[in-house]
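J.: what shape does this take:
(chains A and B)
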Amino acid sequence: RKEVEQDPGPFNVPEGATVAFNCTYSNSASQSFFWYRQDCRKEPKLLMSVYSSGNEDGRFTAQLNRASQYISLLIRDSKLSDSATYLCVVNSGGYQKVTFGTGTKLQVIP
Amino acid sequence: DVKVTQSSRYLVKRTGEKVFLECVQDMDHENMFWYRQDPGLGLRLIYFSYDVKMKEKGDIPEGYSVSREKKERFSLILESASTNQTSMYLCASSPSGQSNTGELFFGEGSRLTVL
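T.: Got it, this is the predicted structure:
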């Protein structure tokens, strides 16, 4: 089983739709969690950290479920500019224990 | 804004050549990293450094070496390039201590093709 697993997609959604991605992780000792966004042929950039209590940033909501060992990202009112690959990142302690998922591709269509 | 600059966006090299990938950051970050990104495999850590002249192996150090002679600069060296090292190479940096939020700041990447 991979340490961090994501559905690669692509998720093709119309503008204005709500879309959710999940990411599962295998190490129950994982300590911190992040969602990064990567545009085509560009570098990853932090979208948001994921806190135990869940957190929201505008149209984006991230949640953590420690019992089931997954994190989620919800995007409401999708925009064309949200089209990108979303990377799940899990830190199990120390720099060598930062694991990136392979990413979920989102395509928002007009 | 944090700026991480990688010297070359695209390189084409031949098998057996020595390859240098340079990375410079301007935010006085202590930690610097080299990753490679391949389809279906995600980002994998090659080496990282938490201080000048310090280096630690990541998950896939074989075939690579690094150099950190100055705080702002972290170089990745492929002593003898092979075709399986064709990849996107990403440099990243982060601060230490209380400034560290866990966020990594990436350069734009260097796409290396080894023929």
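J.: so what touches the lowest-mean-pLDDT helix or strand in chain A?
T.: Least confident helix or strand, chain A: strand A:98-100 with a mean of 90, by mean pLDDT, DSSP states H and E. Applying CB atoms under 8 Å, 6 or more residues apart in numbering or on different chains, the external contacts of strand A:98-100 come out as A:3-4, A:25, A:36, A:44, A:87-92, B:35, B:42-45, B:104. (Each C-beta comes from the backbone N, C-alpha and C, glycine too.)
J.: chain B contacts on chain A?
T.: Within chain A, the positions adjacent to chain B are A:4, A:8, A:32, A:34, A:41-46, A:49, A:87, A:91, A:95-96, A:98-103 by CB under 8 Å from any CB of the partner chain.
J.: buried members of those into ChimeraX, please.
T.: Burial among these is assessed by 16 or more other CB atoms under 10 Å in any protein chain shown; the matching ChimeraX selection reads:
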select /A:4,32,34,43,44,46,49,87,91,95,98,99,100,101,102,103
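J.: can you pull the contacts of A:Leu47?
T.: A:Leu47 touches A:Phe34, A:Trp35, A:Tyr36, A:Arg37, A:Phe60, A:Leu73, A:Tyr86, counting by CB under 8 Å, 6+ apart.
J.: state the pLDDT value of it.
T.: Per-residue confidence at A:Leu47 stands at 96 (pLDDT).
J.: for it, give its distance to B:Gly97.
T.: 24 Å (CB to CB, to the nearest Å).
J.: try B:Leu112
T.: Counting by CB to CB - B:Leu112 and B:Gly97 are separated by 33 Å.
J.: higher neighbour count, the two?
T.: More neighbours surround B:Leu112 than the other of B:Leu112 and B:Gly97, with 21 against 6 (other CB atoms under 10 Å in any protein chain shown).
J.: what helix or strand is that one located in?
T.: Following DSSP states H and E, one finds B:Leu112 within strand B:110-114.
J.: which ones are touching the spatially most central residue of chain B?
T.: In chain B, the centroid-proximal residue (CA atoms, centre = their mean) is B:Trp34; its distance is 2.6 Å. By CB under 8 Å, 6+ apart, the contact set of B:Trp34 is B:21, B:23, B:45-48, B:58, B:64, B:66, B:74, B:76, B:89-92.
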